[in-house]
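Student: coordinates for the following, if possible.
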Amino acid sequence: MHWLLTFIIISALTVVVPPLVMKLYTKRILGSDIPDDEKMYKGVRGITFCTLLAVGVYFPPVIGLGIIGKVMEPLAEHISSPFFGALIFMGILIAPLLISIALTILAASKIEIREKGLSIRTLEIVKGILKAFAFILLPGIIWLAIYTALPDRVRNSTPASFGIFVVYIIAFFALSPYLTRFFSKPKPMPEPMRSELLKFCEGLGFRVKDIRVTGKKEYRIANAGVTGILPFARYIFVTEYMLETFKPEEIKAVIAHEIGHIKGKHLWINLLVAIGWFGFWMGVVFALIKLGVDILSPAVFFGAFGVAYVIYFVIIQGRISLRNEFKADEFAAEVVGKKTVIRTLEKLAEVNLTPKRTGKWFNLLNYHPSIEERVRHLREIEWPA
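Tutor: Residues are numbered from 1 along each chain as shown. Next comes the predicted model:
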């Protein structure tokens, strides 16, 4: 049973080491004499580093030594349902990592609390982290339940599995507004602003079911987003702090940016990119098989999966997302004026304590260009006469 002790030790290291590193780094950041926005930026980078550290500490030994399979062996004979078997497997596989990430975020939250002067209890932060995890994991669990309930001949068919995956992705993108409403409990936007902004959207030629207010102004986060690929189920969400701190014309610039995503079919592009992952991964698998690589080896399988995931969702999708943000900014500038959009972008950096210049890898991981790049892009555009 030495493998069980090894698993416990690796899991403990995963849960303890990255959050401890983040705690020490947080203390160093708060004690440094640098601008507040730089402290916030370093904190986010620290979370990213510690998340990668947790992945590096946990997955290579656990997968390379085949420990997960050994953990599942004594449980397998007591599991009659494929769904619960898959759920337990995934739970054992990712639980230490999720706990580590949650504790890392909790440690880093002290930076935002201190620099923004927030009065937030630890319990509120924990609830927010758990909601974020649930938003990510719940759709996958539902899909897993449906997939494992299908006959073996369907699950063993690559075309059928691809079709099921496509249906899942489309359903997720279509229903994401309702998931957001369920987890964030948004409030109605106050009148007459709501009616004015809905008319503004209609005047641009795009239908939005509603504009809702999320978050609490005490959190001091100014942000907005559009979700929903179907016009009759499409929502724009704006944080309460943004409504409190931005002028009406700046709010319109933000809304115009979100409409720019609709106009550019960016939600549909994101959907197609997500669907493309299946084909990309299958291509990697077939290529490795052609090269004579044993893809059924856990170490090879998960190693190849990790590399393919980074290439696809960080580099490929990251670049597509950066391009989409520039295009949405261009549309907003056409609607409300270049100066207004630039002023709004700079204000976003100011109120969120975000540096205008951020690293390229950070931007790819964040799926957003830096404020500096977005402003420069707008200033360099020459509108046709």
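Student: these two touch, right, residue 250 and residue 340?
Tutor: Yes. Between residue 250 and residue 340 a contact is recorded at 6.9 Å, counting by C-beta atoms under 8 Å. For every residue, glycine as well, the C-beta is placed using N, CA and C.
Student: for the protein, give me the ranges with low pLDDT.
Tutor: Across the chain, residues meeting the criterion (pLDDT under 70) sit at 1, 72, 75-76, 78, 383-385.
Student: what residues of the helix or strand encompassing residue 321 count as buried?
Tutor: Under the criterion of DSSP states H and E, residue 321 resides in helix 317-336. For helix 317-336, burial by neighbour count (16 or more other C-beta atoms under 10 Å) applies to 317-318, 321-322, 324-325, 327-333, 335-336.
Student: what angle sits between the next helix or strand after it and helix 317-336?
Tutor: The first helix or strand that comes after helix 317-336 along the chain, using DSSP H and E, is helix 338-351. Taking axes from the mean of the first three to the mean of the last three C-alpha atoms, to 10 degrees, helix 338-351 and helix 317-336 form an angle of 130 degrees between their directions.
Student: which SSE is immediately downstream of helix 338-351?
Tutor: Scanning forward in sequence from helix 338-351 by DSSP H and E, the next helix or strand is helix 360-366.
Student: name the surrounding residues that touch that next one.
Tutor: 44-45, 48, 314-315, 318-319, 322, 358, 369-370, 373 (C-beta atoms under 8 Å, 6 or more residues apart in numbering).
Student: identify each buried residue in it, please.
Tutor: Neighbour-count burial for helix 360-366 [16+ other C-beta under 10 Å]: 363-366.
Student: nearest residue to residue 276 in space, ignoring adjacent ones along the chain?
Tutor: residue 312 (7.9 Å; C-beta to C-beta, 6 or more residues apart in numbering).
Student: just the buried residues of stretch 199-216, please?
Tutor: For stretch 199-216, burial by neighbour count (16+ other C-beta under 10 Å) applies to 200-201, 204, 206, 208, 210-215.
Student: including secondary structure, could the residues you listed go into TSV?
Tutor: Below are these laid out as TSV (DSSP: H, G, I helix; E, B strand; the rest coil):
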residue	secondary structure
200	helix
201	helix
204	coil
206	coil
208	coil
210	strand
211	strand
212	strand
213	strand
214	strand
215	coil
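Student: which of these sit farthest apart?
Tutor: Pairwise distances across the buried residues of stretch 199-216 (C-beta to C-beta) peak at 25.1 Å, for the pair 204 and 215.
Student: for residue 210, give me its contacts.
Tutor: By C-beta under 8 Å, 6+ apart, residue 210 lies in contact with 188-189, 194, 198, 235-236.
Student: please repeat the previous calculation with a cut-off of 6 Å.
Tutor: For residue 210, the contact set (C-beta atoms under 6 Å, 6 or more residues apart in numbering) comprises residue 235.
Student: same question for the one 4 residues further on.
Tutor: The contact partners of residue 214, taken as C-beta under 6 Å, 6+ apart, are 184, 186, 237, 239.
Student: swap in 8 Å and give it another go.
Tutor: Counting by C-beta under 8 Å, 6+ apart, the residues that residue 214 touches are 180, 184, 186-187, 237-240.
Student: and residue 32, that's in a helix?
Tutor: No. When three-state DSSP is applied, residue 32 is found to be coil, with no helix at that position.
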